[in-house]
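J.: Need a 3D model of the sequence below.
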Amino acid sequence: MILTNKGLSDRGAWEGRGYRLPAYDRAAMIQRTVAQPTWIHFGAGNIFKAFQADACQRLLDAGLTETGIIAADRRKKKEDVNDNLVVKVTLKADGNVEKAVIGSVAEMVYVYGDEARLREIFEAPSLQMVSFTITEKGYALHDAAGALLREVAEDLAKTPEEASTYMGKLTALLLARYRKNAAPLAMVSMDNCSHNGDRLRETVLCFAKAWGDEGFESWLREKVSFPWSMIDKITPGPDAAVANMLEKDQLPQGTPFVNAEESEYLVIEDDFPNGRPALEKAGIYFTDKETVDKVERMKVCTCLNPLHTALAVYGCLLGFAHVWQEMKDEDLRRMVEIIGYREGLPVVADPGIIRPRDFIDTVVNERIPNPFLPDTPQRIAADTSQKLPIRFGQTIKAYLASDVLDVQDLKLIPLVHAGWLRYLMGVDDEGNAFVPSPDPLLETARAYVSDLRLGDRPDARKLEPLLRNTTIFGVDLVEAGLADRVIGYFGELLEGTGAVRRTLHKYTS
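T.: I've put the predicted structure just below:
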């Protein structure tokens with residue numbers, strides 16, 4: 001079995017091994033999509049292949065759309081030998097596996113190399129939606145100090161035709177559409193960051209203002225939408241065990257695949273001035289901006305992401321290789337249950353379309369414990385300094401603002417903060433050194449704990465500036481009345497080998 005258009009012609013071989021195949025005329029779909037594109041997606045990574053591309057395929061299978069997706073990536077890495085096909089492997093918590101061949105990508109184009117074709121796509125009146133999964137960093141204009149990034153500053157001084165940054169080139173494509181026909185368009189960030197549509201709009205308008213075309217700016221504000229969205233689907237990197245499974249199915253080594261969990265949520269503000277695919281028929285929610293915001297806060301601030309970050313920090317300290325293994329540990333499971341149900345859930349605003357209690361039940365009982373999902377605490381621990389203000393800071397703010405909740409009732413969230421301080425030392429609970437995951441503020445934060453060793457007592461005066469850093473924690477922990485608790489916990493975590501386990505057990509029992 002070969003993953004190509006020709007290879008799929010032997011449908012019996014694929015379906016006999018349990019693969020769901022495209023149920024539409026793929027050649028006709030590609031022809032229509034290339035001629036009249038409706039959807040282009042930037043960032044054709046794992047989550048796109050496992051989620052958006054599959055959603056589009058389900059519409060194609062059901063006859064609810066006639067066009068697929070044009071996928072855009074940064075630079076061409078190698079020649080496509082699989083006809084833009086990919087295998088999706090869904091790893092269910094009950095041990096069952098679903099396999100599908102996803103063929104909804106009609107064409108691959110590259111931001112650096114296919115400029116002429118991209119301009120043609122953007123000038124097409126049929127284009128309805130431009131979507132993105134390029135990570136939060138893809139929209140960045142400023143560095144940690146608030147200064148314009150060097151490459152952005154250089155681009156802003158150029159003409160649109162000379163733009164070389166990702167977002168500069170994107171804005172130049174929008175300018176080409178405006179000059180060609182000024183047809184409306186939806187620019188939909190589907191990245192896992194708060195108010196992502198606003199982030200994208202801010203970046204695009206920054207370039208538009210620099211180029212001094214007031215008509216273009218007005219068109220962007222009046223005819224181009226930047227909907228908010230919330231996405232949630234765990235898609236770790238391709239796992240060796242899945243690769244072995246595909247090889248047993250007689251697929252050649254190197255066949256492109258993506259492995260992912262079964263659960264998935266994509267909630268999008270329904271603001272599409274040029275129309276959109278009927279993706280609600282594929283399980284995607286369309287609603288108003290306020291509801292998107294509530295769902296995003298439910299997931300990112302309380303019911304999922306904080307639990308992942310807590311497990312990442314303590315998983316690294318306790319030497320776990322996979323996140324699912326942590327949920328078999330009574331102390332760690334109790335930690336996330338307290339953070340989620342007791343400390344987080346009371347501040348969640350029910351979005352109506354997804355019940356918060358049901359969401360967190362699925363997270364705690366099915367999604368994180370899924371032994372067939374090979375995610376690691378080390379991967380999730382990346383960029384923790386960027387995650388703490390949203391994943392825990394918002395809950396602390398809600399307690400401080402509440403007339404009925406007392407911030408002093410927060411016990412496990414401060415334990416995560418203390419655990420992060422302990423993590424910054426790069427020494428696990430057995431006293432062995434480890435390398436902390438990449439983080440833009442890693443070295444800045446590590447400076448506050450660099451002279452500490454196991455058995456030392458932390459100096460509250462030295463730690464105070466770090467604990468007051470609202471960029472990292474979202475709040476001033478001293479003013480919030482939680483700094484003493486964090487330092488106290490940190491002191492216990494420092495008491496020697498085994499202290500992390502003893503402290504965790506003490507406060508979760």
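
J.: Surely Thr133 and Ile47 touch.
T.: Yes. If you go by C-beta atoms under 8 Å, Thr133 and Ile47 touch, sitting 5.5 Å apart. For the C-beta atoms, the positions are set from N, CA and C on the backbone; glycine is no exception.

J.: Kindly report the domain assignment for this protein.
T.: Domain assignment for the chain by automatic domain parsing gives 7-287, 291-508.

J.: out of those, which comes closest to Met1?
T.: In terms of C-beta to C-beta, the element of the domains of the chain nearest to Met1 is domain 7-287, at 5.0 Å.

J.: so what's in contact with Thr133 and Ile47 at the same time?
T.: Shared contacts of Thr133 and Ile47 (C-beta atoms under 8 Å, 6 or more residues apart in numbering): Ile231.

J.: Could you list which residues are in contact with the residue positioned nearest the centre of the chain?
T.: Geometric centre of the chain, nearest residue: Asn192, 3.7 Å, by C-alpha atoms, centre = their mean. Applying C-beta under 8 Å, 6+ apart to Asn192 gives the contacts Glu136, Ile231, Asp232, Val300.

J.: Recalculate using a threshold of 7 Å.
T.: Each residue near Asn192 by C-beta atoms under 7 Å, 6 or more residues apart in numbering is listed here: Ile231.

J.: what about it, is that helix, strand or coil?
T.: Counting by DSSP: H, G, I helix; E, B strand; the rest coil, the backbone at Asn192 sits in coil.

J.: What does it show for phi and psi?
T.: phi -80, psi 70 (degrees, to the nearest 10).

J.: Next: Leu149.
T.: Per-residue torsions, Leu149: phi -60, psi 140 (degrees, to the nearest 10).

J.: isn't it right next to Asp143, touching?
T.: Yes. With contact defined as C-beta atoms under 7 Å, Leu149 counts as touching Asp143 (5.7 Å).

J.: Now for these two: what residues contact both?
T.: Applying C-beta under 7 Å, 6+ apart, one finds that no residue jointly contacts Leu149 and Asp143.

J.: Sketch out the strands for the stretch 51-200 of the chain, chain order is fine.
T.: 69-73, 86-91, 97-102, 105-110, 129-132, 185-189 (DSSP state E, counting those that start in this stretch).

J.: One more: the chain?
T.: 19-20, 39-42, 69-73, 86-91, 97-102, 105-110, 129-132, 185-189, 224-225, 229-232, 257-261, 265-269, 285-287 (DSSP state E).

J.: Correct me if wrong: Thr67 contacts Val34.
T.: No. Thr67 lies out of contact with Val34 (C-beta under 7 Å); the separation is 9.2 Å.

J.: Would you indicate which residues of stretch 116-134 are buried?
T.: 118-119, 121-124, 126-134 (16 or more other C-beta atoms under 10 Å).

J.: measure it end to end?
T.: With C-alpha to C-alpha, to the nearest Å as the measure, the first residue of stretch 116-134 is 21 Å from its last.

J.: quick one: contacts of that stretch?
T.: By C-beta under 7 Å, 6+ apart, stretch 116-134 touches 36-43, 45, 47-48, 52, 70, 72, 109, 173-174, 176-177, 180-181, 183, 185-191, 200, 272, 274-276.

J.: same thing with stretch 360-377?
T.: 91-93, 95, 234, 236, 239, 261, 263, 303-304, 307, 311-312, 315-316, 320-324, 327, 336-337, 340-341, 345.

J.: Which members of those are positioned in helices?
T.: Leu307, Leu311, Ala312, Gly315, Cys316, Val323, Trp324, Val336, Glu337 (DSSP state H).

J.: right, and the pair among those residues with maximum separation?
T.: Cys316 and Glu337 (20.3 Å).

J.: the more surrounded of these two?
T.: Cys316 (25 against 15; other C-beta atoms under 10 Å).

J.: Any idea how many residues pack against the residue nearest to the more buried one when sequence neighbours are not counted?
T.: For Cys316, the nearest residue in space outside its immediate sequence neighbours is Pro377; the separation is 5.1 Å by C-beta to C-beta, 6 or more residues apart in numbering. Applying other C-beta under 10 Å, we find 25 residues neighbouring Pro377.

J.: can you check Pro238 too?
T.: By the criterion of other C-beta under 10 Å, Pro238 has 17 neighbours.

J.: wait, it sits on Phe257?
T.: Yes. Contact criterion C-beta under 7 Å: Pro238 and Phe257 qualify, at 5.9 Å.

J.: Enumerate every residue touching Ala13.
T.: Here Ala13 is in contact with Met1 (C-beta under 7 Å, 6+ apart).

J.: measure it to Gly103 for me?
T.: Note on Ala13: its distance to Gly103, by C-beta to C-beta, to the nearest Å, is 16 Å.

J.: for Ser164, same thing?
T.: Ser164 is 33 Å from Gly103, by C-beta to C-beta.

J.: Compare these two (neighbour count), which wins?
T.: Taking other C-beta under 10 Å, Ser164 and Gly103 do not tie; Gly103 has more neighbours (25 against 11).

J.: Now the closest residue to that one other than its chain neighbours. Its backbone dihedrals?
T.: Leaving aside its sequence neighbours, Gly103 sits nearest to Pro22 (C-beta to C-beta, 6+ apart; 4.1 Å). Per-residue torsions, Pro22: phi -50, psi 130 (degrees, to the nearest 10).

J.: Pro22 - how many residues pack around it?
T.: 20.

J.: next one: Ser450
T.: By other C-beta under 10 Å, the burial measure for Ser450, its neighbour count, is 11.
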